[in-house]
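Novice: have a look at this fold, sequence not included:
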């Protein structure tokens with residue numbers, strides 16, 4: 001009989017759902033060919049939706065939430081992984097249909113795991129988390145469309161959040177001039193400037209219905225907000241520019257016009273981190289190891305314990321979480 005380990009479990013109730021702290025054993029884990037001793041997880045916007053029930057993220061009950069984790073392989077029958085390997089997991093339905101990262105142990109399929117680059121510790125892997133990995137995927141997509149620092153300014157929306165914070169640090173480190181859009185301009189301006197933002201824009205400039213075409217302001221955009229913010233960002237992107245859409249904090253709708261696409265040749269790139277093929281994941285983590293200033297990463301991290309997670313899930317939906325949350329699941 002294996003020793004018990006601590007986890008958060010979400011249970012379906014007559015009133016909706018309930019989060020409970022429980023003690024489990026390996027017998028409570030789902031099928032997989034790799035067992036991981038989990039060291040860290042984090043709190044992403046999607047985790048907030050799952051923890052609060054604000055959206056139907058969880059589709060199997062009861063379920064351990066948490067869409068990502070980092071840790072060490074304890075047992076494996078997967079050809080590419082051996083005990084002692086340090087690994088990271090992002091997406092693949094974990095925390096939705098498969099037990100996730102808010103537990104001290106996990107059993108998953110080996111193809112869902114990426115070996116961590118030597119330069120990234122297990123703690124920093126979850127300081128980056130799915131939000132930071134998504135930011136890297138977005139920047140890679142913009143680069144494929146020809147974006148370079150010489151192209152012009154890059155806009156980052158939802159700038160004080162996880163995706164936005166890492167995107168700013170990455171882009172500024174790569175030599176881009178970054179405009180950061182946030183609803184917390186007064187309280188977070190100094191924080192965003194320290195990450196590398198050259199200009200802070202109040203999100204009110206972008207969040208209301210706008211014109212089909214606006215002044216050409218940006219060569220590229222990393223958007224984690226969606227809805228009117230995304231539409232206005234597209235409308236203000238310059239000729240031949242590209243926009244990477246990876247979030248829906250304002251909404252799922254896209255209430256805009258085809259004008260930027262057919263009159264300015266703007267490209268809209270959809271960014272999916274959940275089912276991203278292994279090659280893309282591996283390249284994103286390789287790039288994070290070389291392109292992300294770890295001192296800037298450390299400056300955006302807020303430490304937390306497993307007990308803090310439910311409250312943080314509610315807070316992130318209210319826009320009350322700055323940067324990245326690092327959850328030590330063993331505290």
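Specialist: Structure received. No experiment lies behind these values; they were computed from the predicted model shown.

Novice: contacts and neighbour counts: CA atoms only from here.
Specialist: Noted.

Novice: dump the residue contacts of residue 153.
Specialist: If a contact means C-alpha atoms under 8 Å, 6 or more residues apart in numbering, then residue 153 has 176, 177, 178, 179, 217, 218, 219, 220 as its contacts.

Novice: can you tell me how far the closest residue to residue 301 other than its chain neighbours is from residue 78?
Specialist: Spatially, and ignoring its direct neighbours in sequence, residue 301 is nearest to residue 324 (4.8 Å; C-alpha to C-alpha, 6 or more residues apart in numbering). Counting by C-alpha to C-alpha, to the nearest Å, the gap from residue 324 to residue 78 is 31 Å.

Novice: more crowded one of these two?
Specialist: Shown here are residue 324 and residue 78; by other C-alpha atoms under 10 Å, residue 324 has more neighbours (28 against 13).

Novice: what residues of the helix or strand where residue 132 lies count as buried?
Specialist: Using DSSP states H and E, residue 132 falls within helix 122-144. Within helix 122-144, the residues scored as buried using 16 or more other C-alpha atoms under 10 Å are 122-142.

Novice: what ranges do the strands span in the stretch 101-250 of the chain?
Specialist: Using DSSP state E, counting those that start in this stretch, the strands of the stretch 101-250 of the chain run over residues 105-108, 113-115, 154-156, 178-182, 199-202, 218-223, 237-245.

Novice: quick revisit: what's the pLDDT at the residue nearest to residue 301?
Specialist: pLDDT recorded at residue 324 is 94.

Novice: how near is it to residue 165?
Specialist: Per C-alpha to C-alpha, residue 324 is found 8 Å from residue 165.

Novice: identify the contacts common to those two.
Specialist: Counting by C-alpha under 8 Å, 6+ apart, the shared contacts of residue 324 and residue 165 are residue 300.

Novice: thinking again about what came up before, indicate which one of the strands of the stretch 101-250 of the chain is closest to residue 212.
Specialist: Closest approach to residue 212 among those is made by strand 237-245 (11.4 Å; C-alpha to C-alpha).

Novice: how far is the helix holding residue 132 from where the chain is centred?
Specialist: From the chain centre to the centre of helix 122-144 is a distance of 7 Å (C-alpha atoms, centre = their mean, to the nearest Å).

Novice: determine the angle, from 0 to 180 degrees, between it and strand 218-223.
Specialist: 140 degrees (axes from the mean of the first three to the mean of the last three C-alpha atoms, to 10 degrees).

Novice: what angle do helix 122-144 and strand 237-245 make?
Specialist: Between helix 122-144 and strand 237-245, the angle comes out at 140 degrees (the same axes, to 10 degrees).

Novice: report pLDDT for the residue nearest in space to the middle of the chain.
Specialist: Closest to where the C-alpha atoms of the chain average out (C-alpha atoms, centre = their mean) is residue 131, at 1.5 Å. The score at residue 131 is 93. That number is its pLDDT.

Novice: the residue nearest to it when sequence neighbours are not counted and residue 246, how far apart?
Specialist: Closest residue to residue 131 apart from its sequence neighbours, by C-alpha to C-alpha, 6+ apart: residue 163 at 4.6 Å. Noted for residue 163: a distance of 9 Å to residue 246, by C-alpha to C-alpha.
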